[in-house]
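Participant: Attaching a predicted model along with its sequence, questions to come.
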Amino acid sequence: MKRTRENQGKTPVPISKQPHGLAHEELVIEVCRLFCLGRSPSDIAMEMNSQYGLTMTREQPYKLLQYAASSGLLRVVAPREDYLSKKFDQKFRWLSETVVVHTLRVEDVAEKAAEMLVRLLQERHRQKLSKTMHIGFPGGYAMWKVLEKFAELLLKEPMESLPEEVVFHHLVSGLDSELHQLNVGPFFLQFQSEEGTQIRIRVRRCTAPSVIESELIERILKQPLIEEAYNEVKVGKLDIILTSGSDFEDDDSIFREGYFNKDYLNRKELINAGCVGDMLWYPLSVNGPIKLDPHIYEYRTLALVDLHDLPSHIQSENHTHVLLVLGPCGGCGKLKTRILDTILNLPKQYITHLVVDSRTARGLFEP
């Protein structure tokens, strides 16, 4: 059993007697099992005594449970909220699948999104029997947490019906600097450092600054490396597009505070255009994506997939899946009901699959 690096060297909880050669980790796991069966700490102490002849005080199970939690041996798995998930299925029948997660944290939403991502890969592989699948993704904390959980799932246990190779495409420039700020290691390294992994991972980067003069966008897209990356994600090339979004009123929105809250970016114009939030780092209103006229917006981000083109990706012969992952803001906990309501009621279809937290989802059905 592996311990996390930060917990290596911790002194095991002393027990007065350890007959039958019980190792400390075996003891911890047994206490956790009894706890998950609903036993109280005093009941656990009594059962350990009767089953293994192990004398424990009622306080020692608490310490063992605390050790298990801090070592990553005991964790909470947020469940699916079936009632709201079914309401989404009934109201938004054009969505292929919706999972509503009982949680207050974006990390739990990311975990369920990673599980859905694996299922989508398996389904696509069975349908196309292609050895290589292509996944596009923008930046942001939620996206990196999805990819981390995705890596954990694939490294955890063997799975069937997976492609031999998955190519991940950075869809938005400036991801490397953003990744450094988040202090989240690239999950791709896990696959490169592990022997005998189920699939090969390749990464296609979008190597350009995070903010670019609007009038230079077309010229930059013709640069050799950028043009190659751009051609690889044209309509019909991607199997899955992962994306998230933020509310323009959220003070922690990187899109607003990082890109449209500076002197050289015209934030007021976005407000006048009815900006509700962003998806794929592109501004969105109730009428659809907001056109970024270079004569008005001097600077913008470079995205290889334009938000305007998402409906075309979905309707293409390849039938690209677009998975939207929405959880509470990782900084302030602000819900994203407003941006979700906007996306679901746009004139065209911009997503095919959805994973969302229960409070954000519930807001759609409450006054």
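Facilitator: On my side now, so go ahead. Numbering: from 1, shown residues only.
Participant: mind listing the strands for the stretch 201-350 of the chain?
Facilitator: Taking DSSP state E, counting those that start in this stretch, the strands of the stretch 201-350 of the chain run over residues 212-213, 240-243, 245-247, 277-279, 282-285, 288-289, 299-300, 321-326.
Participant: Save those as TSV, and put in distance to Lys112 and mean pLDDT too.
Facilitator: In this view, the C-beta of every residue, glycine as well, is placed from N, C-alpha and C. Shown next, in TSV, are these (distance: least, Cβ to Cβ, whole Å; pLDDT from 0 to 100):
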stretch	distance to Lys112	mean pLDDT
strand 212-213	34	82
strand 240-243	13	96
strand 245-247	17	92
strand 277-279	19	93
strand 282-285	24	93
strand 288-289	27	94
strand 299-300	32	80
strand 321-326	9	97
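Participant: Out of those strands, flag the one nearest Glu164.
Facilitator: Checking these against Glu164 by Cβ to Cβ gives strand 240-243 as the closest, at 16.3 Å.
Participant: May I see the strands of the stretch 201-350 of the chain organised as TSV, with distance to Thr337 and mean neighbour count added?
Facilitator: What follows is the strands of the stretch 201-350 of the chain, written out as TSV (distance: least, Cβ to Cβ, whole Å; neighbours: other Cβ atoms under 10 Å):
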stretch	distance to Thr337	mean neighbour count
strand 212-213	32	16
strand 240-243	17	26
strand 245-247	9	24
strand 277-279	11	25
strand 282-285	14	22
strand 288-289	19	18
strand 299-300	27	20
strand 321-326	9	25
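Participant: Those strands: which one's closest to Ser70?
Facilitator: Nearest of the strands of the stretch 201-350 of the chain (Cβ to Cβ): strand 321-326, 28.1 Å.
Participant: Who does that closest one pair with, and is each partner parallel or antiparallel?
Facilitator: When pairing is defined by DSSP bridges, strand 321-326 lines up against strand 240-243 (parallel), strand 353-357 (parallel).
Participant: Give the rounded mean pLDDT of the longest one.
Facilitator: Taken as a whole, strand 353-357 carries a mean pLDDT of 97.
Participant: buried set for that strand?
Facilitator: Burial within strand 353-357, assessed by neighbour count using 16 or more other Cβ atoms under 10 Å, is assigned to His353, Leu354, Val355, Val356, Asp357.
Participant: Those into CSV, with extra columns for distance to His295?
Facilitator: Listed next are the buried residues of strand 353-357 as CSV, based on distance: Cβ to Cβ, whole Å:
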residue, distance to His295
His353, 37
Leu354, 36
Val355, 38
Val356, 37
Asp357, 39
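Participant: CSV for the strands of the stretch 201-350 of the chain, including distance to Glu25?
Facilitator: Putting the strands of the stretch 201-350 of the chain into CSV (distance: least, Cβ to Cβ, whole Å) gives the following:
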stretch, distance to Glu25
strand 212-213, 53
strand 240-243, 36
strand 245-247, 42
strand 277-279, 45
strand 282-285, 49
strand 288-289, 53
strand 299-300, 53
strand 321-326, 35
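Participant: so which of those comes closest to Gly139?
Facilitator: strand 240-243 (10.4 Å).
Participant: CA atoms only for that closest one, dumped as CSV, please.
Facilitator: The C-alpha coordinates for strand 240-243 follow below in CSV (Å, rounded to 0.1, in the frame of the first residue of the first chain):
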residue,chain,number,x,y,z
ILE,A,240,-14.0,15.2,-27.8
ILE,A,241,-13.8,18.9,-26.7
LEU,A,242,-13.5,19.5,-23.0
THR,A,243,-14.5,22.9,-21.7
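Participant: what residues does that strand touch?
Facilitator: 113, 117, 120-121, 124, 133-138, 143, 146, 171, 279-280, 305, 310, 313, 320-325, 351 (Cβ atoms under 8 Å, 6 or more residues apart in numbering).
Participant: Which ones among these map onto helices?
Facilitator: Ala113, Leu117, Leu120, Leu121, Arg124, Met143, Val146, Leu310, His313 (DSSP state H).
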